[in-house]
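> Sequence and predicted structure, then a few things I'm wondering about:
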Amino acid sequence: MAQRLLPTGSCWCGCGEDTGRGSFFLPGHDKVAESAVILVEYGGVPEFLHKHGYAPGGKNPRQSLAEWRDRGNAAR
Ligand SMILES: [Zn+2]
């Protein structure tokens, strides 16, 4: 189980802007942060997927998401 995280009032993308109460990001900034970290840490989305076992012949991202939802989890 992932660690429970709490919003801090500042956008987690690093832009330095304040967020609304209960928000980690300003609108769209979650994808900016996600893309930046995947590029910097993995080199790209294919490398990111491969690192976590989702390359062809491995786990299927879409199937894994469907199974995750079927278990009662929901996107935040
Ligand atoms: Zn931001």
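Looks like it came in fine. Small disclaimer: the values here were computed from a predicted structure and weren't measured.
> so where is this structure shaky, pLDDT-wise?
Applying pLDDT under 70 to the predicted model, the residue ranges of the chain that meet it are 1, 75-76.
> Please enumerate the helices of it.
Across the chain, reading from the start of the chain, the helices by DSSP state H fall at 29-42, 45-51, 61-70.
> I'd like to know which of the ones you listed is closest to the ion.
The minimum distance between the ion and these falls on helix 29-42, with 3.4 Å, by Cβ to the ion. The C-beta positions use only the backbone N, C-alpha and C, and glycine is treated the same way.
> Around the ion, pick out the residues from this structure.
When proximity is defined by Cβ under 5 Å from the ion, the chain lies next to the ion at 11, 13, 15, 26, 29.
> Give me the buried entries from those.
With neighbours counted by 16 or more other Cβ atoms under 10 Å, those contain buried members at 11, 13, 26, 29.
> So what does the third one look like in phi/psi?
For residue 26, the backbone dihedrals are phi -70, psi 160 (criterion: degrees, to the nearest 10).
> Excluding chain neighbours, what is closest to it?
Computed as Cβ to Cβ, 6 or more residues apart in numbering, the closest residue to residue 26 that is not its neighbour in sequence is residue 11, at 4.9 Å.
> what about the residue nearest to residue 49 when sequence neighbours are not counted, neighbour count?
Counting by Cβ to Cβ, 6+ apart, residue 55 is the residue found nearest to residue 49 once chain neighbours are left out, at 5.9 Å. The burial metric for residue 55, expressed as a neighbour count using other Cβ atoms under 10 Å, is 12.
> so residue 55 makes contact with residue 47?
No - Residue 55 lies out of contact with residue 47 (Cβ atoms under 8 Å); the separation is 9.4 Å.
> mind checking how far the most far-flung residue of the chain relative to its centre is from residue 17?
Among the C-alpha atoms of the chain, the one farthest from their average position, using Cα atoms, centre = their mean, is that of residue 57, at 22.8 Å. Going from residue 57 to residue 17 by Cβ to Cβ, to the nearest Å gives 42 Å.
> Sounds good, over and out.
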